[in-house]
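In: Sequence and predicted structure, then a few things I'm wondering about:
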Amino acid sequence: MTGELYACLYTQEFPAQALLRLRPELKEQPCVVMEGDAPLEQVCSLNTKALLLGMAHGMTRVEVDTFPGSVALARSQKEEAATRAILLECAGAFSPRVEQKSEVGAFACGIDIAGTRSLFGMPEMLARKLVERVRDVGIRACVSVSSNLHAALCLARGLPRGATVKVIPHGEEAAALAELPIWVLGLSAEQVETFTAWGVHTLGMLAALPEKDLVARMGQEGRQLWQLARGERAHLFQPVEPPRTLAERMELDSPVELLDSLLFVVGAMLVQLIVRANMRMVALAAVTITLTLDSGATHARTVRPALPTNNKQLWIRLLHLDLEAHPPPSAVLGVALDAESGETSKVQLGLFSPQLPEASRLDVTLARIRAIVGEENVGCAMLLDSHAPEAFRLESFRLDAFRVTEGEEMRTVSTEVRAAARQLRPAENISIALEAQRPVRFTFCGQTFHVDRAYGPWLAGGDWWQPTLWGHEQWDIVARAGDNSLLCCCLVRDRMHGAWQMAALYD
């Protein structure tokens, strides 16, 4: 009994599946993928409906146009690379040892699943789980399992359409491969011609040839093919590191100018991001959308809600409001979504705790306010480490900053009466009379006030090392008008320019 056990994930017609994964509206139509420069482009991949219609690889554009209702798509290397990374990520969820074995027109990877029975059950159960996970991201694939990686790969190539899982028991590799056609070995044109002349059409017929005679005629390549046909060729496993990023890429078939049409594309991409995030048991904390424009430039925007979420409608609404406020300057040719993951947030309230507002409503409300007053004017005011007036900055609003920590006691409300200051923004310029450098009379709102009591001055200044050098003196004033009405206020003099201003009024 050997300790080696491998699963092979194999995807046929990979260029077509990579394009149709984010185009669900085309899955029920016959679709082909064209490769090459017009007018010499040819079909390099197609879906099942196109195959049943009679379309085949190598057809030209003129031949494709003779089939009614067919859809021709241009091959996208970027979308294939993104889909390849997603499939490697799905395989990496079952084992950290994954080797990429992709070939022309198909995706394949080997997975070392030795010792995973306690986690995922029998090999057949693991294979079915892997097929389901790949189907969730929009790809149809098959999985074969064997103690020999080459045998698993050959079996996956030869499985008929519609078959998904096949397990070869240990020691039965040659019997399981015997009926497969010889092309599953990935032969060269010269080797195919040689075996055809010999009348060898299956792996069983190749395995039945005498080894020494085959080596004498074909050299070591013949011996390697003979070992492959018997499922005995050794393999040095070369694992790769599966990617761990949440990203989606899509190249549009034609330039898009309408925001609604663009959001229809983004919606399909968000569905895939949310599916992959759910597989990892995480939520989307931020999404960066990068638009490739027909002018050659890019337009990037980042949306970050108050709490991580996998609510598709919320993300669509937030991206809609953000792009509506910051539209791309020209038509869009490509879309890329890059997401940051975060923990799913659930708040456990006490029996008598007040109901918190829904985070989704807060995010949408903030997005609408940003669209009206500007993104830089919405957030939480955070004080700076400075005595300068108006020394604060705006930070993004985060809901967790306002949560009550566990064990925090309720503060006792003070009944002491205190004065409240109503700060004037902006401060109002006033005319003032001084005696011995102290204010004695000033005019405010068309009235003249005589100072009864003046407290100050309190001097402050800072930033002498920067061009924003500032300095002022502050006075707290109790004054009366001509009708004996009382006014308590705060006067400030700008020491840089000598101007007096009414800064605040005390209740």
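Out: Received, thanks.
In: Please count neighbours and contacts with C-alpha atoms only from this point.
Out: Will do.
In: who touches Gln272 in this structure?
Out: Each residue near Gln272 by CA atoms under 8 Å, 6 or more residues apart in numbering is listed here: Val137, Glu248.
In: Swap in 6 Å and give it another go.
Out: Applying CA atoms under 6 Å, 6 or more residues apart in numbering to Gln272 gives no contacts.
In: in what helix or strand does it lie?
Out: Element membership for Gln272 (DSSP states H and E) is helix 259-279.
In: just Asp363 next, same as before
Out: Short version, using DSSP H and E: Asp363 is in helix 359-373.
In: Same question for Ser341.
Out: Using DSSP H and E, the element containing Ser341 is strand 332-342.
In: Same check on Asp213?
Out: Per DSSP H and E: helix 211-218 holds Asp213.
In: ok, residues contacting that helix?
Out: Gly222, Arg223.
In: mind saving the C-alpha coords of stretch 102-113 as CSV?
Out: What follows is stretch 102-113, C-alpha atoms only, in CSV (Å, rounded to 0.1, in the frame of the first residue of the first chain):
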residue,chain,number,x,y,z
SER,A,102,-2.1,23.6,-17.4
GLU,A,103,-1.9,23.0,-21.1
VAL,A,104,-3.1,24.6,-24.3
GLY,A,105,-6.9,25.2,-24.1
ALA,A,106,-7.3,23.5,-20.7
PHE,A,107,-6.5,24.1,-17.0
ALA,A,108,-5.1,21.3,-14.9
CYS,A,109,-3.5,21.1,-11.5
GLY,A,110,-2.3,18.2,-9.3
ILE,A,111,-3.2,18.2,-5.6
ASP,A,112,-1.4,16.1,-3.1
ILE,A,113,-4.2,14.8,-0.9
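In: If you count neighbours, what's buried in that stretch?
Out: By neighbour count on 16 or more other CA atoms under 10 Å, the buried set for stretch 102-113 is Ser102, Ala106, Phe107, Ala108, Cys109, Gly110, Ile111, Asp112, Ile113.
In: again, but for stretch 437-450
Out: So for stretch 437-450, counting by 16+ other CA under 10 Å, buried means Pro439, Val440, Arg441, Phe442, Thr448, Phe449, His450.
In: any idea how far the residue nearest to the second one when sequence neighbours are not counted is from Ala504?
Out: Across the structure, with CA to CA, 6 or more residues apart in numbering as the measure, the residue nearest Val440 apart from its sequence neighbours is Val451 (5.0 Å). Taking CA to CA, to the nearest Å as the criterion, Val451 is separated from Ala504 by 16 Å.
In: Could you do Gln224 as well?
Out: In this view, Gln224 and Ala504 are 90 Å apart by CA to CA.
In: List the residues that contact the nearest residue to Glu4 once chain neighbours are set aside.
Out: Distances taken as CA to CA, 6+ apart put Ser147 closest to Glu4, at 5.3 Å, once the chain neighbours are dropped. Shown in contact with Ser147 (CA under 6 Å, 6+ apart): Glu4, Leu5, Tyr6.
In: Give me the distance between the second one and His150.
Out: What that stands for is Leu5. According to CA to CA, Leu5 stands 11 Å off from His150.
In: more crowded one of these two?
Out: More crowded of Leu5 and His150, by other CA atoms under 10 Å: His150, with 22 against 19.
In: which element is the more buried one on?
Out: Assigned by DSSP H and E, His150 belongs to helix 149-158.
In: Show me what that helix packs onto, helices and strands only.
Out: strand 6-11, strand 142-146 (3 or more CA pairs under 6 Å, 6 or more residues apart in numbering; DSSP states H and E).
In: can I get the ones you listed in CSV with mean pLDDT?
Out: As requested, those are arranged in CSV below (pLDDT from 0 to 100):
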stretch, mean pLDDT
strand 6-11, 95
strand 142-146, 95
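In: Need those in a markdown table (columns: distance to Arg84 and mean neighbour count).
Out: Below are these laid out as a markdown table (distance: least, CA to CA, whole Å; neighbours: other CA atoms under 10 Å):
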| stretch | distance to Arg84 | mean neighbour count |
| --- | --- | --- |
| strand 6-11 | 10 | 27 |
| strand 142-146 | 15 | 28 |
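In: Including distance to Leu394, could these go into JSON lines?
Out: Listed next are those as JSON lines, based on distance: least, CA to CA, whole Å:
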{"stretch": "strand 6-11", "distance to Leu394": "50"}
{"stretch": "strand 142-146", "distance to Leu394": "53"}
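In: And those strands: which comes nearest Leu383?
Out: Among the helices and strands packed on helix 149-158, strand 6-11 comes nearest to Leu383, with 55.7 Å by CA to CA.
In: how distant is whichever helix or strand comes after the closest one from the center of its chain?
Out: Next in sequence after strand 6-11, counting helices and strands by DSSP H and E, comes helix 14-20. Helix 14-20 has its C-alpha centroid displaced from the chain centroid by 20 Å (CA atoms, centre = their mean, to the nearest Å).
In: Low-confidence regions, the protein specifically.
Out: Where the chain drops to pLDDT under 70, the residues are 1-2, 345-350, 353-360, 397-419.
In: Can you pull the domain assignment for it?
Out: Listed by automatic domain parsing, the domain ranges of the chain are 6-230, 252-346+357-400, 421-506.
In: and the end-to-end length of the longest one?
Out: Looking back up the chat, that one is domain 6-230. One end of domain 6-230 sits 17 Å from the other (CA to CA).
In: what does the last one give?
Out: For domain 421-506, the first-to-last residue distance is 4 Å (CA to CA).
In: Equivalent analysis for stretch 3-13, please.
Out: Using CA to CA, the end-to-end distance of stretch 3-13 comes to 33 Å.
In: hmm, who's touching that stretch?
Out: Defining contact as CA under 6 Å, 6+ apart, one finds that stretch 3-13 is touched by 45, 105-114, 141-147, 149, 152-153.
In: Name the SS class of Ala175, please.
Out: Look at Ala175: counting by DSSP: H, G, I helix; E, B strand; the rest coil, its state is helix.
In: Quick one: neighbours of it, just the number.
Out: Ala175 is flanked by 15 other residues according to other CA under 10 Å.
In: Next one: it from Leu153, what distance?
Out: Taking CA to CA, one finds Ala175 at 15 Å from Leu153.
In: Check Glu428 too.
Out: Distance, Glu428 to Leu153, by CA to CA: 81 Å.
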